[in-house]
Structures are given as C-alpha cells and as structure tokens.
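Asks: What shape does this take:
(one chain, ligands or ions: 1)
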Amino acid sequence: MKKLLPALLLLAAACKQKEYNADLLVKNAVVYTVDSTFTTANAFVVSKGKILAVGNADTLEQKYNAHEVLDAKGAAIYPGFIDAHAHFYEYGLGLQEVNLDGTKSWKEIVDSVEAYATRNTDGWIVGRGWDQNDWDKKQFPDKAKLDSLFPVRPVILSRVDGHAVIANQAALNIAGVKPGQTINGGEIETVKGKLTGILVDNAVGIVTRKIPEPTAPVVENALLSAQKNCFEVGLTTVDDCGLPYTMINTLADLQHKGSLKMRLYVMLADRQENYDYLFKRGAYKTPYLDVRAFKVYADGALGSRGACLLKPYADSAKWNGFLLSSQAHFEEVAKKIAEKGFQMCTHAIGDSANRVILKIYASVLKGKNDRRWRIEHSQIVAPEDVKLFGDNSIIPSVQPTHATSDMYWAGKRLGEKRLKSSGYVYKALLKQNGWIPLGTDFPVENINPMYTFYAAVERKDLKGFPEHGFQKENALTREEALRGITIWAAKANFEEKEKGSIEPGKYADFVILDKDIMKAKGAELPTVKVTGTYINGVKVYDKK
Ligand SMILES: [Zn+2]
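Replies: Purely as a prediction, here's the structure:
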C-alpha cells in the first residue's frame, strides 16, 4: 500500500494536464447564462447534449478538447426561449389552412382560396382570419362566388374571431343546413328565402363539426411546420395548452423518430377522458415531452365580452360576462387534480373569473406550497385579490403582447379606471412570488418571443404606440423579461433543473441573436433576429 501512494499522486497530477473531450466549444460570445445571479460568460462547452462547463474561453480551451468550435464573433447568446402559453398544434393546423389575416376585400379572399385550392387539390377548404371591418364595403359577403368556383368541394372561411363563418353550398349541404333554419344563440342568415352562407355563433358548429378529423400526414405536417417557424424565432420549448390525451402518442412518436425536436410541455384539456387517462397512467415525461398538467377554462375573452367581470362592462350595461362552467365543476376538478398530484392551469381573463379561481385554488392549496398551480392570462385582477397569488404560491402566467394588442379597446370594455387599476398588472403580479412566466397565446398573437420581450419592457406595440408605454408602471425590466421567457417559464413547468439557463448539467438549448437585447435600443427590440437556434447543442435553425 505504501508504494501505491506516490503512484496515485503522479496519476492525479497527470490527469490535471490531460484534456477532456467535449462535443462543442462555443467561444467569443456574450453568454447571458440567466443563472441565479445573472452572470455573463464568454464561452461554454457542450457534451452529450448538455452544458458541461461555462466560463472563460482560455480556461475552457485548455481543459477541453472540443470536437467542434463555434466562434460566435462577439454575438449575444441566451438560453433557448420558452413560450409558457401557446397552442402549438393548433397553430400548425392553421398553417395548413388558407390564411386570410389582413385581407382587404372579398375579392382578395376569393383569390387566396383559389390559389390554395390549386396547391391543395382535395378535401375541405378551411380558411381563417377575414374581417369585413377592414374592407371598403363593410358588409358580410355572400357565398355566390364560392359556389360558382367550388360547386362540389366544401369551403368554410372563419372570421378573425371565429364567431362567424361563410360556408359555400357544398359545405352547407353536408351539414344539412336549410334556408330559414333557426338555432338558439346563433344565426343562419337567409335573405329572400336563400342561404347567404353566413353563420353566426352557435350556427358555426353545425358545419365545422362536419369537417373531417385531420389525417396522420396532416397532423405531422402541422407539427413540423409549427416547429420550423418556432425554431426561426428561437423557441426551444413550447407549452401547448389544452390538447386531448390522444395527441400524446402522436407527439411522442414523432419525437422518438427525431423529426419533432421541439420540446413540449403539454396541458390536457378539461375533459373526463383526459383525467381518466393521466390519473391512471401517471405523469408522462421524456426529455422532449412533459405531461402533468390540465388546462381548464374559467371564462372567455374580453374583446367579445365573454370575460367574467365583477361589475358590468363599461360598454354594455347590465352585462358581466359569464363563467364557462359552474363553480362546482371548478371545485371538483381542483380537488381531483390536487389529490392526484397534478398541476392545474386555468384560463381566467375577467376579475370575477380570477377571483373565483384564486379562491378555489386557495381552498385547496391552503397557503404557501410548491404545486405551481397557474392562472393562465391573469388578465384583469381586482387590486385586493392580487395578494392571493403570493399567499398561496399561485403562478400568474401572462402574455405581454395581449396588453399591447388589447390596449386600443380594453378601456372601452372596462372603463379607464378599472383598466388602470386591474388590467395587465404584470409587475404587481411578478412581485407576488418573485417570478412570472411569459408567453404569447399564439396563434392569437405572433409566435415571436422578441415581441413578448419588447411588449413586456416597453409596453408598446409594433407601431411604437403609445409613445411613453401603456400603463408603464407594469413594465418589467429587461432581466425580468428575459427570465420570463427562459428560466421562469421553465419553472412554471417544473423544469428549471433541466432547462431555462446556460448552466452545467442542463440541456444545451440556446439561441444566438443578431443584437444584444439587454443593450439594444427599445425600438430595435422587435427587429432583433435569431441567427441560430440549438437544441442539445445541435443546430436546428441557421439564418445563413
Ligand atoms: Zn390560450
């Protein structure tokens, strides 16, 4: 034994000199690690898809023998961006349909549909996004032109808010819609004894229910095209809010095959079969897919006056909006979810909806806890209710671009006073737990996390309006906004130990930007572009 000791010491000394192998060395960068002290570094090393070491290029180069070296040439690098609230699959499906956003006339719509029909030669033609308020002639169109172009092929085109559609005769025939037919809570427009093709509210479903379920290739296409666009804007994880359990296998298969590389945090919709499935199976977790949450809807949206308010709408006397399910339902699912140890994420827009859910959560969570139950949107919260978030460790999950999209009309719905005291109060909400996840709710808003960052810190829209920011007291700092789209979003998903920062042991998910968003001028933020996106240290998007 005595003889062995000097030999061991020699060996240890030799190891010190020896280089370690690594897959990738990233150097000459400004690396915002987004660790607890917001450290920056100029290099890091990746091995087997994970961050191995972060620090100074000289030291790391001495120590590691990297298979590949990436010279960032001074560019800023951030952890891969995470969207804490989106509809990834739905967005992808939308990309397969006719996009009618921003169309300026009925003729332009018909032209888009025709162009789509020549590229996609069979099946239903589904489109979305028209708004007659954007046209010179601000009237609902009629289906005559669609009937002459598509006498056999069904066509259905949704208005921007989804509350009205125009369908052609072929689609109406499939659904069995007859002139003069009536429906509760909806309208089937009939003029001079003839259907115009316009269907409103509850009438919409009569036809949309007849649209066949997407086939496997359509589903795959949807997911892969959503992924492509998301990689382009630096997203490496997306929270998909409200899928059926049947999607879990589809996603897992594509991820297993390697074609779907996006990491997804999936919330299952509030439906009995989803609870049955996940309660029986237990949480689903792979490096790419995490299913342990349920998405519940408390109310609707503010724009269509579906948000449930404590006091009537300022622009609709005696109307408070409504809850989408009974309070008893929310209580029941909250108890069940808590008992089984899952996460509850509830959409709540109005101050009444927020209060109802906060109180139900509080009754189940009973003070500080680490269950990370979320209120999605937390959009209008009565000032006296804000503390319920902190008291019960409830996570407000917010979308800064909603504030800057809604600001034009939110004051009409709420009155300026109520808007100022309770609307989009992100800073006040952040203070509750000391952290807040950020998202977009895409496809409702654009997918770009730079817009989220910009809206959070500047509180302005893409036109630079308003000059001094909308209710600027609720703006976040740049550090807070960056944490919101990285580490805090990861934390809202119980994933802060595996992603959300550039630290040893975490997945090597990172993005390179063409400007440093911690230093760029405010007005430049929305124009900042991703030049490279990496997952597991492998490039998934390259601007070229
Ligand atoms: Zn949503």
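Asks: show me the contacts for residue 357.
Replies: 298, 330, 346, 348, 375 (CB atoms under 8 Å, 6 or more residues apart in numbering). Heads up, the C-betas are built off the backbone N, CA and C, glycines and all.
Asks: what's the most distant pair in those residues?
Replies: Maximum pairwise distance among the contacts of residue 357 (CB to CB): 11.7 Å, between 330 and 375.
Asks: Common neighbours of those two, please.
Replies: Joint contacts of residue 330 and residue 375 (CB under 8 Å, 6+ apart) are 346, 357.
Asks: isn't residue 391 right next to residue 366, touching?
Replies: No. In this structure, residue 391 is not within contact of residue 366 by CB atoms under 8 Å, at 10.0 Å.
Asks: who has more neighbours, the two?
Replies: Neighbour count, other CB atoms under 10 Å: between residue 391 and residue 366, residue 391 has more, with 15 against 11.
Asks: Please tell me how far that one sits from residue 348.
Replies: Distance of residue 391 to residue 348, given as CB to CB, to the nearest Å: 17 Å.
Asks: and if you look at residue 109?
Replies: 35 Å.
Asks: more neighbours, those two?
Replies: residue 348 (29 against 22).
Asks: what is the more buried one paired to in the beta sheet?
Replies: residue 377 (DSSP bridges).
Asks: And it, what's its pLDDT?
Replies: Looking at residue 348, its pLDDT reads 97.
Asks: ok, now which ones touch it?
Replies: So residue 348 contacts 298-299, 354, 356-357, 375-379 (CB under 8 Å, 6+ apart).
Asks: Please apply the same query to residue 527.
Replies: By CB under 8 Å, 6+ apart, the neighbours of residue 527 are residue 450.
Asks: Quick check, pLDDT for it.
Replies: pLDDT at residue 527 comes out at 98.
Asks: how about it, phi and psi?
Replies: In terms of degrees, to the nearest 10, the main-chain angles of residue 527 are phi -90, psi 0.
Asks: Roughly how far does it sit from residue 76?
Replies: Counting by CB to CB, the gap from residue 527 to residue 76 is 15 Å.
Asks: now swap in residue 330 and tell me
Replies: Per CB to CB, residue 330 is found 43 Å from residue 76.
Asks: Which residue of these two possesses the greater neighbour count?
Replies: Neighbours were counted for residue 330 and for residue 76 using other CB under 10 Å; residue 330 has more, 25 against 21.
Asks: and the more buried one, what helix or strand is that in?
Replies: Applying DSSP states H and E as the criterion places residue 330 in helix 327-340.
Asks: which residues touch that helix?
Replies: Helix 327-340 has contacts (CB under 8 Å, 6+ apart) with 270, 275, 279, 294, 296, 298, 323, 343-344, 346, 356-357, 360-361, 363-365, 371.
Asks: Give the PyMOL command for selecting the buried subset of those.
Replies: To isolate the buried ones among the contacts of helix 327-340 in PyMOL, judged by 16 or more other CB atoms under 10 Å, type:
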select buried, resi 270+275+294+296+298+323+343+344+346+356+357+360+361+364+365+371
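Asks: okay, how far is it across stretch 378-388, tip to tip?
Replies: This stretch, stretch 378-388, spans 12 Å end to end (CA to CA, to the nearest Å).
Asks: got it, and stretch 484-504?
Replies: In stretch 484-504, first residue to last residue: 20 Å (CA to CA).
Asks: Number the chain from 756, please
Replies: With the count now opening at 756, the last piece we talked about shows up as stretch 1239-1259.
Asks: Tell me which residues of it come out buried.
Replies: 1239-1251, 1253-1258.
Asks: What of stretch 1068-1085?
Replies: So stretch 1068-1085, judged by 16+ other CB under 10 Å, has buried residues 1068-1069, 1076, 1078-1079, 1085.
Asks: who are the neighbours in contact with residue 959?
Replies: With CB under 8 Å, 6+ apart, residue 959 has these contacts: 913, 917-920, 941.
Asks: Quick check: of the residues you listed, which has the highest neighbour count?
Replies: residue 920 (25 neighbours).
Asks: For that one, pull up the helix or strand it's in.
Replies: Using DSSP H and E, residue 920 maps to strand 919-922.
Asks: Great, nothing more from me.
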